[in-house]
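Peer 1: starting from these lines, generate the structure:
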Amino acid sequence: MDTQAKKTALRGITYGLYLVGTKDDSGVNAFAGNWLTQTSFEPPLVALAVKAGTRSQKQIAASRVFSVNVLEAGQKDMVTAFFRALEPEGNKLAGYEFATGTTGCPLFKDALSYFECEVIDQVEKGDHFTYIGKVIDAGVHRKGDPLTMKETGFYYGG
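Peer 2: Just a heads-up that it's a prediction; the model follows:
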C-alpha cells in the first residue's frame, strides 16, 4: 500500500471537532475529539473513538458515560486548549466554564449545544477504543455553525 496515498485518502473523511467530557471518581476531564458519528435514530446512538490508555479513555471505561459539546465555527482557540492534559479549577477547565448535567460530565456554556451519553457497547481494536453511546440528554445554548477540522487546518487521521 502507498502510505502517503492512504494518509491522503483517510484525511479526506470530513469531521467536526468537539469537546468530549468525561468523569470518574477522581473528577472531570475533557478532550478535543473528532472521531464521532451518529449511528442510529431510534434509539439515538453515536460512536466515539478515544485513544487507548489516555486519562479520558480510562474515565469513560470506568464511568460508562461521556458528554459531547458541539463547538461553534471560530472556536479554534477553545478546542486547542483541550489538546493537552488538564485539571479542573473550580468549575473551569482550561479557563472555560462548565456545568455538569445528567451524566456528571462537563457541559461547556460556550458550546453551541451538547448531548450526554451512556455507553452501551465498546470495541477494543487498534490504538483506539470505540464506544457506542446512547444519547440520554441534550441541550442547545444558541444557534450557529459547528466547528470543523477543515476550518482549523488540523489533521487527525491517516
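
Peer 1: only C-alpha atoms for contact and neighbour calcs from this point on.
Peer 2: Fine.

Peer 1: tell me the spacing between the most centrally placed residue in the chain and residue 102.
Peer 2: Central residue of the chain (CA atoms, centre = their mean): residue 20, 2.9 Å from the mean position. Distance, residue 20 to residue 102, by CA to CA, to the nearest Å: 15 Å.

Peer 1: and what of residue 112?
Peer 2: The gap separating residue 112 from residue 102 is 18 Å, by CA to CA.

Peer 1: more neighbours: which of those two?
Peer 2: Remark: of residue 112 and residue 102, residue 112 carries more neighbours, 20 against 15, as counted by other CA atoms under 10 Å.

Peer 1: just to revisit the earlier point, how about the contacts made by the residue nearest to the centre of the chain?
Peer 2: 30, 31, 32, 33, 66, 67, 68, 69 (CA atoms under 8 Å, 6 or more residues apart in numbering).

Peer 1: and the last one, what's its pLDDT?
Peer 2: Spelled out, it's residue 69. As predicted, residue 69 sits at a pLDDT of 98.

Peer 1: does it touch residue 117 like I think?
Peer 2: No: the pair residue 69 / residue 117 is not scored as a contact, 11.5 Å apart, by CA atoms under 8 Å.

Peer 1: who has more neighbours out of these two?
Peer 2: residue 69 (27 against 24).

Peer 1: contacts only, for that one.
Peer 2: 18, 19, 20, 21, 107, 108, 111, 112, 113, 114, 115.

Peer 1: ok, the host helix or strand of it: who's next to it in the sheet?
Peer 2: Per DSSP states H and E, residue 69 falls inside strand 65-70. Strand pairing for strand 65-70, determined by DSSP bridges: strand 18-24 (antiparallel), strand 113-125 (antiparallel).

Peer 1: contacts for the next helix-or-strand element following that strand, please.
Peer 2: Counting by DSSP H and E, the element after strand 65-70 in chain order, helix or strand, is helix 76-80. With contacts defined as CA under 8 Å, 6+ apart, helix 76-80 is touched by 17, 18, 19, 32, 71, 96, 147, 152.

Peer 1: understood, closing this out.
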